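K.L.:
following is a predicted model, sequence given first.
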Amino acid sequence: MMRKILFMVLVLSLVFSLAACGDKAENDAASDAVEETTPEPTDASTTAAPPTTEPGPKKVNKWIEFSDDSDSSERNAVKVGDGGGHKSIGVKFTADFIITGISLSCPSWSDDIGTMVFKIYSWDTDYETTTSKDPVFVDTETFVDYPDNSMMEVMFGDEIPAGTYLWELSEGKDGVGVWASKTHGSEGLVFYKNGEPFTDGTAFNGELIGYVMSE
């Protein structure tokens with residue numbers, strides 16, 4: 001009887017020993033897996049800082065206002081074309097910036113009907129010489145049957161570099177024109193009607209727009 005008991009004790013001891021070895025092996029394997037997947041700590045002092053870049057040039061808007069039209073009682077409509085209007089009107093100007101567009105206040109004598117052709121020429125000597133050459137920009141679509149007293153805007157497809165130019169409205173039909181103020185206009189501008197400078201102190205209501213690049 002004692003032998004059987006001793007035999008059973010030995011068997012149980014062996015079973016417990018084998019189970020303990022299996023648990024240890026599993027724990028060791030799990031520890032190895034953790035060690036393999038745990039990343040090495042990063043030293044913040046060795047991390048490369050992102051490169052710094054200098055800010056690039058930016059567009060700075062510039063413009064030339066043709067007149068001070070704050071007093072509406074001092075405005076008058078200048079007609080272009082048929083019905084007693086001028087054959088052409090225009091402004092000689094010098095811009096120290098890249099030119100991108102123009103806006104003009106235009107009446108159509110209450111019927112929203114009529115057309116004008118807008119052009120820009122590089123200035124050369126005088127009005128006649130200037131307009132005898134090909135314009136640098138022509139627009140035949142903007143000033144067509146526009147609503148009366150609209151602020152018409154022309155954006156140039158190709159930017160025009162700084163320089164001295166003449167813009168002109170001509171070929172007016174069916175009662176069209178430009179609003180003007182009884183002022184001498186901005187410094188350096190010369191206003192024309194029929195190829196001759198204005199002498200009555202009239203300046204058109206509108207502005208030339210563009211930009212320069214900052215350094």
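P.N.:
That came through, no problem.
K.L.:
hey, let's count contacts and neighbours off CA atoms from now on
P.N.:
Will do.
K.L.:
quick one: the helices in the protein?
P.N.:
Assigned by DSSP state H, the chain shows helices spanning 2-37, 127-131.
K.L.:
now do the last one: which elements does it pack against?
P.N.:
Here helix 127-131 touches strand 115-122, going by 3 or more Cα pairs under 8 Å, 6 or more residues apart in numbering; DSSP states H and E.
K.L.:
okay, the strand it packs on in PDB with CA atoms only?
P.N.:
Only the C-alpha atoms of strand 115-122 are listed here, as PDB (Å, rounded to 0.1, in the frame of the first residue of the first chain):
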ATOM      1  CA  THR A 115     -21.700  99.200 -78.100                       C
ATOM      2  CA  MET A 116     -18.100 100.600 -77.800                       C
ATOM      3  CA  VAL A 117     -14.700  99.300 -78.600                       C
ATOM      4  CA  PHE A 118     -12.000  99.500 -76.000                       C
ATOM      5  CA  LYS A 119      -8.300  99.600 -76.900                       C
ATOM      6  CA  ILE A 120      -4.900 100.200 -75.200                       C
ATOM      7  CA  TYR A 121      -1.900 101.500 -77.100                       C
ATOM      8  CA  SER A 122       1.700 101.900 -76.100                       C
END
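K.L.:
same for that strand, what does it pack against?
P.N.:
Using 3+ Cα pairs under 8 Å, 6+ apart: strand 115-122 touches helix 127-131, strand 137-139, strand 163-173, strand 176-181.
K.L.:
which other residues reach the shortest one?
P.N.:
Contacts with strand 137-139, where a contact means Cα atoms under 8 Å, 6 or more residues apart in numbering, come from V117, F118, K119, I120, Y121, F156.
K.L.:
apply 10 Å and report the result again.
P.N.:
Contacts of strand 137-139 from elsewhere in the structure, counted by Cα atoms under 10 Å, 6 or more residues apart in numbering, are 116-122, 154-160, 167-169.
K.L.:
now the end-to-end length of stretch 121-132.
P.N.:
9 Å (Cα to Cα, to the nearest Å).
K.L.:
okay, now the unreliable bits of this structure?
P.N.:
1-49, 69-73 (pLDDT under 70).
K.L.:
now with 80, please.
P.N.:
Along the chain, the model assigns pLDDT under 80 to residues 1-56, 68-74, 183-185, 199-201, 215.
K.L.:
how about the residue sitting nearest the centre point of the chain: what's its closest non-neighbour residue?
P.N.:
The centre of the chain sits closest to K59, judged by Cα atoms, centre = their mean, with a distance of 8.5 Å. Leaving aside its sequence neighbours, K59 sits nearest to M213 (Cα to Cα, 6 or more residues apart in numbering; 4.7 Å).
K.L.:
burial count for the one you found?
P.N.:
12 (other Cα atoms under 10 Å).
K.L.:
repeat that for G188.
P.N.:
Counted with other Cα under 10 Å, the neighbours of G188 add up to 9.
K.L.:
equivalent analysis for the one 3 residues further on, please.
P.N.:
The criterion is other Cα under 10 Å. On that basis, F191 has 24 neighbouring residues.
K.L.:
hey, what's V178 bridged with?
P.N.:
Beta-bridge pairing of V178, defined through DSSP bridges, involves V78.
K.L.:
hang on, it packs against N76?
P.N.:
Yes: V178 is within contact range of N76, at 8.6 Å (criterion: Cα atoms under 10 Å).
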